[in-house]
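[1] Fold the following and give me the result.
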Amino acid sequence: MPHVRMYCTRSCPYCTRAERLLKKRGIKKIEKIDVSDRKLWKVMEKETRRNTVPQIYIGERHIGGFDDLAELDMAGKLKSLLSN
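    Prediction:
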């Protein structure tokens, strides 16, 4: 299983949904980076060029947010990303 990293906040419902979907697809460990701290939020923005959470990485690939993750899953492409 590849390393999964997710920028998130504690109160974000989309973060919770993303975590739930990843676990449903067999990911047991997700590195969660809480960007409630403004400095960490700025790091996330610079790295992803986005200003919403979650921001998800599978391995070195930036997936995007929950909608992007769900779209990959519905297209049947998420499983192959997670199996590499």
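
[2] going forward, measure contacts and count neighbours with C-alpha atoms only.
    OK.

[3] Give me the nearest residue to the residue positioned nearest the centre of the chain, chain neighbours excluded.
    When Cα atoms, centre = their mean is applied to the chain, the residue found nearest the centroid is residue 56 (2.2 Å). Nearest residue to residue 56 in three dimensions, chain neighbours excluded: residue 6, at 4.4 Å (Cα to Cα, 6 or more residues apart in numbering).

[4] pLDDT on the host helix or strand of residue 21, on average?
    Remark: residue 21 resides in helix 13-24, with elements defined by DSSP states H and E. Averaged across helix 13-24, pLDDT comes to 98.

[5] Now do that helix: which elements does it pack against?
    helix 66-74 (3 or more Cα pairs under 8 Å, 6 or more residues apart in numbering; DSSP states H and E).

[6] if you average pLDDT over the helix or strand just after the helix it packs on, what comes out?
    Sequence-wise, the next helix or strand downstream of helix 66-74 (DSSP H and E) is helix 78-83. For helix 78-83, the mean per-residue pLDDT is 93.
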